[in-house]
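Trainee: quick one, fold the following:
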Amino acid sequence: MNYRSDNAAGNLILVINPRHPFTKIGVFKNKNLVFLKSIKHDDADLAKFAKYEDQTEYRGDAIIKELKENDIDIEHIKLIISRGGLIKPVKSGIYAVNDKMITDLHNSLQGTDIVNIGGLVSDYIAKTIPEAKAIVADPVVVDEYEDVARITGLPEIKRRSIFHALNQKQAVRKYAKSIHRDCKELSLIVAHLGTGITVGAHKNGRVIDANMGYDGDGPFSPIRAGSIPTGDLIRLAFSGKYTEEELLKKVSAEGGLYAHFGTPNAIDIDKKVASGDKQAELIFGAMAYQVAKTIGSMYAVLSGKVDGIIITGAMAHSQWLVGKIVERIENMGKIVIYAGANDIETLAARAVEVLDGEMAVKEY
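Mentor: Numbers count the residues shown, from 1 in each chain. Okay, here's the model as predicted:
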């Protein structure tokens, strides 16, 4: 589908990035940011909803209210873009939010997570604006794996591609541009250190392998448990202590730093380390150790032919954490640090490509 607009300079783009306690929004006039806001949500309000996807109207109404109170001309919004959720596997690109996607997001096709709200809220708001279209860019389920990467020791279980596709691919584009190369000429490893942690092997523009950071593969993170000894997890599942839903939540939303410290806030843990807290140093260091180990596995995936290693995401702001990772991988190749995620700017840039006719919108 072609969403090109002949009046792109006069159109508004609304970018939506829902996070656990807030929703960050940005309004752009072509490439220029005209409004940016993090809308905080009351914990008591969020607690009323059984799962993330049920928050759609609540967050959508809060966004509309914020836009109106700040005199944003809502009728001029042409594109509403967000991160894509846990839908069926797709190729990299930009997708229209259609009825099929809405159904899959509501039904939590591959799991329930805050990332699912983006497409739902975008669609909810788009339906209140006559000419607005809702789209998502590079959903977390972008699947470009080689077949060998899918195999496990149990035929009935396959490895799935769930990683920070939007952030990782943007980091690769940024790096390729900085060295005046095409993404399709490079072999890179990207480690995104966010609420979840994923490490991807990028070969000639495709992510041929990555850890499935959502519910049980790779390093533990602020809220994910990461890889856990399988037998111990099975015994825990049948211990009678947890329901299936409770245990899934434990490994995907209440593991990692949260399980160890009662908070997922990596900044707080970084401060504990700086103050001499030995337990914090051990756990935070173990996270760095596991990230480095996963980077090493992707080095093997790329047969040791690596043009660079990129470390990105919010936790890349921690010099201590990054330093602990780098000291284990520094002999593997050039290392580049892009601290932060910049989801709002990344999504806006993709929407501009759509309005300029440079990027077609795919049907889900």
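
Trainee: low-confidence ranges in the stretch 1-150 of the chain?
Mentor: 2, 4-9 (pLDDT under 70).

Trainee: just the strands in it please.
Mentor: 12-18, 22-29, 32-40, 77-83, 94-96, 133-137 (DSSP state E, counting those that start in this stretch).

Trainee: packing partners of the second one?
Mentor: The elements that strand 22-29 packs onto, with contact taken as 3 or more C-beta pairs under 8 Å, 6 or more residues apart in numbering; DSSP states H and E, are strand 12-18, strand 32-40, helix 56-69, helix 343-355. From N, CA and C alone the C-beta is placed, and that goes for glycine too.

Trainee: contact partners of the first one?
Mentor: By C-beta atoms under 8 Å, 6 or more residues apart in numbering, the residues outside strand 12-18 that reach it are 23-30, 34, 55, 59, 63, 67, 72-73, 76-83, 114-115, 117-118, 121-122, 125, 132, 343-344, 347-348, 351-352, 355.

Trainee: quick one: it to strand 32-40, angle?
Mentor: For strand 12-18 against strand 32-40, the angle by axes from the mean of the first three to the mean of the last three C-alpha atoms, to 10 degrees is 30 degrees.

Trainee: quick check, pLDDT for the residue sitting nearest the centre point of the chain.
Mentor: The chain has H164 as the residue nearest its centroid, 4.0 Å off, counting by C-alpha atoms, centre = their mean. Note on H164: pLDDT of 97.

Trainee: show me what contacts it?
Mentor: Contacts of H164 (C-beta under 8 Å, 6+ apart): 140, 192, 194, 196, 198, 200, 213, 313.

Trainee: and if we set it to 6 Å?
Mentor: For H164, the contacting residues are 192, 198, by C-beta atoms under 6 Å, 6 or more residues apart in numbering.

Trainee: gap between it and A210?
Mentor: 9 Å (C-beta to C-beta, to the nearest Å).

Trainee: between these two, which contacts overlap?
Mentor: Contacts common to H164 and A210, judged by C-beta under 6 Å, 6+ apart, are T198.

Trainee: which residues of the stretch 251-364 of the chain fall in helices?
Mentor: In the stretch 251-364 of the chain, the helices defined using DSSP state H, counting those that start in this stretch lie at 256-261, 266-274, 278-301, 319-329, 343-355.

Trainee: could you check the angle the third one makes with helix 266-274?
Mentor: The directions of helix 278-301 and helix 266-274 differ by 110 degrees, with the same axes, to 10 degrees as the criterion.

Trainee: repeat for the fourth one
Mentor: Here helix 319-329 runs at an angle of 80 degrees relative to helix 266-274 (the same axes, to 10 degrees).

Trainee: quick one: average pLDDT of helix 319-329?
Mentor: Here the average pLDDT along helix 319-329 is 98.

Trainee: P219: which of the helices of the stretch 251-364 of the chain is closest?
Mentor: Nearest to P219, of all the helices of the stretch 251-364 of the chain, is helix 278-301, at 3.6 Å by C-beta to C-beta.

Trainee: list the buried ones in that closest one?
Mentor: Across helix 278-301, burial judged by 16 or more other C-beta atoms under 10 Å covers 280-281, 283-284, 287-288, 290-295, 298-299, 301.

Trainee: now for that helix, which elements pack on it?
Mentor: strand 187-193, strand 197-203, helix 266-274, helix 319-329 (3 or more C-beta pairs under 6 Å, 6 or more residues apart in numbering; DSSP states H and E).
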